[in-house]
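Q: next comes the sequence, and after it the predicted model I'd like to discuss.
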Amino acid sequence: MTLKPPFGISSRLLPCVRVGPAEISLEIAGGTADGRKRYRWHVAFQDGREFTGDNLKSGIGGGGIADGFASLLAFMVACGESVAYGRRTGEPGENADLFPAPVAEFCDQFSDELGMVANDLWEMQLITE
């Protein structure tokens, strides 16, 4: 696999992007009966905290790592926006619980940066529509 910026190699030896104090990595963790790929994501903070989930799936027919990153980053931005909405209104946002609370807070604090990385993937045509 050849990686181009903004991708790097994580401490887990997986493709990753670095945003603020976090290293966000992703791997393909198998498939589903309906032809989707299942992705396992990892968020490792500089302070040693790590969070992992395998609840991200591709569209029908599967997708590559770049497509998985685009989906993951989109969900992270949505989570961050929901956390911010909840803080402003006092009402829970519908996507605020997509990730564990420390990751959700990170998504809120770094929502713009996460969105910029996702946009870079589109502009560099590393992912397709």
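A: Arrived safely, thanks for sending.
Q: tell me how far the spatially most central residue of the chain lies from Val19.
A: Nearest residue to the geometric centre of the chain (CA atoms, centre = their mean): Leu72, 3.0 Å. Using CB to CB, to the nearest Å, we find Leu72 at a distance of 11 Å from Val19. For the C-beta atoms, the positions are set from N, CA and C on the backbone; glycine is no exception.
Q: repeat that for Arg38.
A: Taken as CB to CB, the span from Arg38 to Val19 is 23 Å.
Q: neighbour count: those two, which is higher?
A: With neighbours defined as other CB atoms under 10 Å, Arg38 and Val19 compare such that Val19 has more, 22 against 17.
Q: so the more buried one sits against Asp120, correct?
A: No. Val19 lies out of contact with Asp120 (CB atoms under 8 Å); the separation is 11.2 Å.
Q: got a list of what Tyr107 touches?
A: No Tyr there; residue 107 is Cys. Contacts for Cys107 (CB atoms under 8 Å, 6 or more residues apart in numbering) come out as Met76, Val77, Cys79, Gly80, Val83, Phe99, Leu114.
Q: in a strand, that's where the fifth one is, yeah?
A: Right, Val83. No. Under DSSP: H, G, I helix; E, B strand; the rest coil, Val83 sits outside any strand and is assigned helix.
Q: now do the contacts for it.
A: Gly93, Ala96, Ala104, Glu105, Cys107, Asp108.
Q: by neighbours, which of those wins?
A: Cys107 (28 neighbours).
Q: skipping its backbone neighbours, what lies nearest it in space?
A: Computed as CB to CB, 6 or more residues apart in numbering, the closest residue to Cys107 that is not its neighbour in sequence is Gly80, at 3.5 Å.
Q: just to revisit the earlier point, and the contacts of Val83 as TSV, adding pLDDT and distance to Leu13?
A: Output for those, formatted as TSV (pLDDT from 0 to 100; distance: CB to CB, whole Å):
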residue	pLDDT	distance to Leu13
Gly93	91	35
Ala96	96	32
Ala104	97	27
Glu105	97	27
Cys107	97	25
Asp108	97	29
